[in-house]
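1. Task: produce atomic coordinates for the following.
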Amino acid sequence: MVVSNYDGLLKWKRRLTDLGIAVKGPFDRHYFVSIYLNDPDGTIIEIATRGPGWTIDEDSDRLGTEFREPPRGVIVSNRDKERIQAVTWPEPVPAITPDMELLEGMHHITAIGSDIGRTHAFFGELLGLRRVKMTSNFDDPGSAHWYWGVGDGRPGTLITYFERSPSKERRMRMGAGQTHHFALAVPNPDTQLEWREKLIKAGLRVSPVMDRVYFKSIYTNDPDGHIVELATAGPGFAVDEAMADLGQDLRLPPWLEKGRADIERVLRPITVPHWRPVETSSAKI
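-> Residues are numbered from 1 along each chain as shown. You can find the predicted model right below:
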């Protein structure tokens, strides 16, 4: 997710830590600064600053055309990790301040693949996303880390892959804490059908068009088996709720409405952690 600046990032670290949530970072990723935490199922959540951006080491018209070695200063040693973990906002943050707001949504999605060149053939050559950076995993410089996006690679359009050898690390098994799929946007149903034909001609398995009420979807797989969805931009979430009331009530598709009572009976209520300030180191970089 995107936070506007470094101070906002440190405030998030302090607020989350005071709520009893373990946070790692802030880590200098050269193109942005990040902190990491886990959701209740163990999924890794990253909050990243908007900048400084991709052009810090490449001209905008040359993004992603040459390998960029991770700068020496961003490779983190065990001693560095201890120092970094002490960095936080000096005061408790009982409320979300304007510079903490995550109004820009997702910064990027990260997945893991076994062959970064094959991954580029899928996202860059077949799907037409722009490769905006070729570098290495800053925490494991021997493994490739590439980014693809739209236009200038602005946050919210980005997908990144780490390359890991299946001969050294086992393939994932689906379960809680694992991402089921990620979705890319297409403007309308006609474009979606064009993409479906293109994917089929490329020899890929593609689902029929599925009605998701708020959008229509097709599904395929990347070379490593990740489920990739291509979803239409509309009709949108206001199709069955007023904009001011989005997300307040349980909405079911028409074909599940008859089972509403059974569905509601097994749902668990959502509880939000209460603010409880604790003693925290206040070092700041």
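
2. And the residue nearest the centre of the protein?
-> Ile109 (2.9 Å; CA atoms, centre = their mean).

3. After the host helix or strand of that residue, which helix or strand is next?
-> Using DSSP states H and E, Ile109 sits in strand 108-113. Counting by DSSP H and E, the element after strand 108-113 in chain order, helix or strand, is helix 116-120.

4. so what strands line up beside the strand holding Ile109?
-> strand 158-163 (parallel) (DSSP bridges).

5. tell me the helices in the protein, going along the chain?
-> 6-18, 78-85, 116-120, 189-201, 260-266 (DSSP state H).

6. Quick check: mean pLDDT of the second one?
-> In this model, helix 78-85 carries a mean pLDDT of 88.

7. how far is stretch 53-69 from where the chain is centred?
-> Offset of stretch 53-69 from its chain centre (CA atoms, centre = their mean, to the nearest Å): 21 Å.

8. which residues touch that stretch?
-> 30-32, 130-136, 146-148, 152-153 (CB atoms under 8 Å, 6 or more residues apart in numbering). In short, each C-beta sits where N, CA and C put it, glycine included.

9. Report the two of those residues separated the most.
-> Ser136 and Asp152 (22.1 Å; CB to CB).

10. pull the longest strand from the chain.
-> What stands out as the longest strand in the chain, according to DSSP state E, is strand 140-149.

11. how far away is the nearest residue to Asp7 once chain neighbours are set aside from Trp12?
-> Nearest in space to Asp7, with sequence neighbours left out and distances taken as CB to CB, 6 or more residues apart in numbering, is Asp99 at 5.9 Å. Distance, Asp99 to Trp12, by CB to CB, to the nearest Å: 10 Å.

12. between the two, what contacts are shared?
-> Going by CB under 8 Å, 6+ apart, residues that sit against Asp99 and also against Trp12 are Val3.

13. Have a look at the two and say which one is more surrounded.
-> Shown here are Asp99 and Trp12; by other CB atoms under 10 Å, Trp12 has more neighbours (26 against 14).

14. remind me which residues of the protein are low pLDDT?
-> Scanning the chain for pLDDT under 70 picks out the ranges 273-285.

15. Can you give the domain ranges for it?
-> Using automatic domain parsing, the domain ranges for the chain come out as 2-163, 181-241.

16. Kindly present these as a markdown table, with separate columns for distance to Asp262.
-> Formatted as a markdown table, the domains of the chain follow (distance: least, CB to CB, whole Å):
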| stretch | distance to Asp262 |
| --- | --- |
| domain 2-163 | 23 |
| domain 181-241 | 20 |
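
17. Determine which of the ones you listed approaches Leu267 most closely.
-> Taking the domains of the chain one by one with CB to CB, domain 2-163 is closest: 15.3 Å.

18. still on that earlier bit, with only the CA atoms kept, save the longest strand of the chain in PDB.
-> Taking C-alpha atoms only, strand 140-149 is exported to PDB below (Å, rounded to 0.1, in the frame of the first residue of the first chain):
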ATOM      1  CA  ASP A 140      19.100 -11.900  -1.400                       C
ATOM      2  CA  PRO A 141      21.200 -10.300  -4.200                       C
ATOM      3  CA  GLY A 142      21.700 -13.600  -6.000                       C
ATOM      4  CA  SER A 143      18.000 -13.700  -7.000                       C
ATOM      5  CA  ALA A 144      16.400 -11.600  -9.700                       C
ATOM      6  CA  HIS A 145      13.700  -9.100  -8.900                       C
ATOM      7  CA  TRP A 146      11.800  -7.400 -11.800                       C
ATOM      8  CA  TYR A 147       8.900  -4.900 -11.900                       C
ATOM      9  CA  TRP A 148       6.200  -4.400 -14.500                       C
ATOM     10  CA  GLY A 149       3.700  -1.600 -14.700                       C
END
